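**Q** below are the sequence and a predicted model for it; my questions follow.
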Amino acid sequence: MKDWLGLAVFILALCFLAFLLGSAVVTLKIFPYSYINSAFSAANELVQRSREGNKSQFHFINKARYEGEGVTVHDPAMAQPGITLVTSHWLTEGEYVSAIRLINLDGNVLHEWQIHPDEIWPVTPYDDYSAGKYNQPQNYVHGTHLLPNGDIVFNIEYLGLIRMNACSDILWKLPYRTHHSVDRDDDGNFWVAGLNWRENPVDGYVHMKPPFVDETMLKVSPDGDILDEVFFIKEMYKSGYADIFSDIKAIYDFTHMNDVEILDADMADAFSMFSAGDIMISLRHLSLVVIFDGKTREIKWHFRHPMIHQHDPDFEADGHIVIFDNQDDTTLDGSLFGHTRLLKVDPVTKQYEVLYPARKNQPLYTKEGGKHQLLPNGNRLITEAHPGRVLEVTPEGETVWNWIIGRTEGNTVAEVLEGTRYPSDYLNPENMNCAID
């Protein structure tokens, strides 16, 4: 008995000594702290990757939240005339297929581009750790720009930028991991968010321990050539904002850029702080909007409070910036904070007001995704991504058009990542002779 008791005391003493030694290593960061920390970070990264790999391939399917489907509200006297571009997945012969559709205000489909990532890129153009993940059939369109001749430029999320004609012929494809949004500048070039996986240290990124995502703002010509590549982390360090990265641990996608927008010349005079060509970006995981000087790349402005995981900041002609503030409360239905909202921000004072919802009884919540568009008549088109809804509201907050994607199995809906209104005469009918039957 005494032998066993002595052995137990000895083991407990060793454990206590190991605890003290471990605490000293972590607190004082002495040998072998760097090796242990690297191993922990790598293990955490493997867990993160494993979790992502185990997510359902149908992550874009959500529980239906609203009654009805198709156009459920339409006030012809108040709604902005035009055609609406929507992106989502639709069931086709029993399979979910990513597509871009044009619908009229009655909800009828006028044209469709079916998008098959595995056919566009049968073999992945990448050799990084997620090679082969994003050229799968269930990947989705995230960010589009429709041209008057019927061509459409769009991202297949984290796979690449593509230009198709009205007949779905591929005119070019850019093998760069582009994502989330497409903006067109005054010169006709396209600006998109892009990323690079970093498996090794990068000079000057003193706080960044690989693996991590190195995000970029890309300027792409109408012919699909990269004209400019602006690295976000690099420019933040140059502008003296190293503090943003000082506490980064093992979260490899710590910025999650979800929008790049250029200030157009015809709007620039309304913004005393900015100039035509300045670049505005949205960083979801930092709940941060940043504006860079279009020439020097220095930071001119940034805005954070009170947003939570925002999307789609837009310059507007009255000199304000309007932001889709998701108010992500970690739930799927907004049951904690209540709603997503549109914030109108004065960039000079940083004061803000809530444009929508205008009343408590106007439901609006999407944990992820979302867009808004100011229409010529003063109304605003809002894309509520997760419940698959696009609505048009007046400046007073009245709904004058409401469209909900059709239900799928089990009272579910596919998310809608974009709703954009174009004028009725925007497209040349002669170029659109490939419309669906």
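**A** Perfect, thanks for sending it. It should be emphasised that the depicted structure is a prediction, and the values quoted were computed from it without experimental measurement. Numbers count the residues shown, from 1 in each chain.
**Q** now do the contacts for the spatially most central residue of the chain.
**A** When C-alpha atoms, centre = their mean is applied to the chain, the residue found nearest the centroid is N258 (3.4 Å). Contact partners of N258, counting by C-beta atoms under 8 Å, 6 or more residues apart in numbering, are H179, H180, S181, A193, S282, L283, R284, H311, D312. Where you see a C-beta, it was placed from the backbone N, CA and C, and this is true even at glycine.
**Q** which of the residues you listed fall in strands?
**A** Secondary structure from DSSP state E places H179, H180, S181, A193, S282, L283, H311, D312 of the contacts of N258 in strands.
**Q** so what's the first one bridging to?
**A** By that I understand H179. Beta-bridge partners recorded for H179 (DSSP bridges): A193.
**Q** if we can go back for a sec, would you list the ones in strands among the contacts of N258 in a markdown table and tack on distance to A166 and pLDDT?
**A** Formatted as a markdown table, those follow (distance: C-beta to C-beta, whole Å; pLDDT from 0 to 100):
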| residue | distance to A166 | pLDDT |
| --- | --- | --- |
| H179 | 24 | 97 |
| H180 | 24 | 96 |
| S181 | 22 | 96 |
| A193 | 26 | 98 |
| S282 | 30 | 98 |
| L283 | 35 | 97 |
| H311 | 28 | 98 |
| D312 | 26 | 98 |
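**Q** closest to D247 among these?
**A** Closest approach to D247 among these (C-beta to C-beta): L283, at 15.2 Å.
**Q** list the contacts for the closest residue in space to that closest one that isn't next to it in sequence?
**A** In space, L283 comes closest to T255 once its chain neighbours are excluded; the distance is 4.7 Å by C-beta to C-beta, 6 or more residues apart in numbering. Residues near T255 by C-beta under 8 Å, 6+ apart: V213, E215, F232, I233, L283, R284, H285, L286.
**Q** mind checking how far T255 is from G370?
**A** 18 Å (C-beta to C-beta, to the nearest Å).
**Q** same check, this time on F292
**A** 23 Å.
**Q** ok, these two, which is more surrounded?
**A** Using other C-beta atoms under 10 Å as the criterion, F292 and G370 rank with G370 on top: 28 against 23.
**Q** follow-up on the earlier one: okay, and which of the contacts of T255 map to helices?
**A** Secondary structure from DSSP state H places F232, I233 of the contacts of T255 in helices.
**Q** any stretches of the protein with poor pLDDT?
**A** The model of the chain has pLDDT under 70 over residues 1-58, 249-251, 435-437.
**Q** can you show me the helices along it?
**A** 2-28, 33-54, 117-120, 232-238, 265-268.
**Q** so which bits of the last one are buried?
**A** Across helix 265-268, burial judged by 16 or more other C-beta atoms under 10 Å covers A268.
**Q** just the contacts of T255 now: which is nearest D185?
**A** For the contacts of T255, the nearest to D185 is F232 (18.2 Å; C-beta to C-beta).
**Q** which strand residues bridge the nearest residue to the closest one once chain neighbours are set aside?
**A** In space, and not counting its chain neighbours, F232 is closest to E215: 4.8 Å by C-beta to C-beta, 6+ apart. Counting by DSSP bridges, E215 is bridged to L195.
**Q** so E215 touches V192, yeah?
**A** No - E215 is beyond contact range of V192, at 11.1 Å (criterion: C-beta atoms under 8 Å).
**Q** quick one, which of those two is more surrounded?
**A** V192 (27 against 23).
**Q** residues contacting the residue lying closest to that one once chain neighbours are set aside?
**A** Nearest residue to V192 in three dimensions, chain neighbours excluded: T178, at 4.5 Å (C-beta to C-beta, 6+ apart). Contacts of T178 were listed using C-beta under 8 Å, 6+ apart, and they are G143, N155, Y158, L159, G160, L161, V192, A193, G194, L218.
**Q** right, and V192 touches L161 too?
**A** Yes - between V192 and L161 there is a contact under C-beta under 8 Å: 5.9 Å.
**Q** overlap of the contact sets of the two?
**A** Residues touching both V192 and L161 by C-beta under 8 Å, 6+ apart: N155, T178, V182, V220.
**Q** just put the residues you listed in TSV and tack on distance to I115.
**A** Listed next are the shared contacts of V192 and L161 as TSV, based on distance: C-beta to C-beta, whole Å:
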residue	distance to I115
N155	10
T178	14
V182	14
V220	18
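**Q** just among these, which is most surrounded?
**A** Highest neighbour count within the shared contacts of V192 and L161: T178, with 28 neighbours (other C-beta under 10 Å).
**Q** next one: that residue from I61, what distance?
**A** Remark: distance between T178 and I61 (C-beta to C-beta) = 24 Å.
**Q** next: A414.
**A** 6 Å.
**Q** S424 now?
**A** 32 Å.
**Q** could you check which of these two is surrounded by more residues?
**A** I61 (19 against 12).
**Q** surely that one is in contact with N411?
**A** No - with contact defined as C-beta under 8 Å, I61 does not reach N411; the gap is 10.8 Å.
**Q** leaving out the residues flanking it, which one is nearest to H320?
**A** K344 is the one closest to H320 (C-beta to C-beta, 6+ apart), at 5.2 Å.
**Q** what residues are up against that neighbour?
**A** H320, I321, V322, Y352, E353, V354, L355.
**Q** also V141?
**A** V141 neighbours (C-beta under 8 Å, 6+ apart): T87, S98, A99, I100, I115, F154, N155, I156, E157, L417, E418.
**Q** correct me, but the third one touches P117?
**A** No - using C-beta under 8 Å, A99 makes no contact with P117, being 12.0 Å away.
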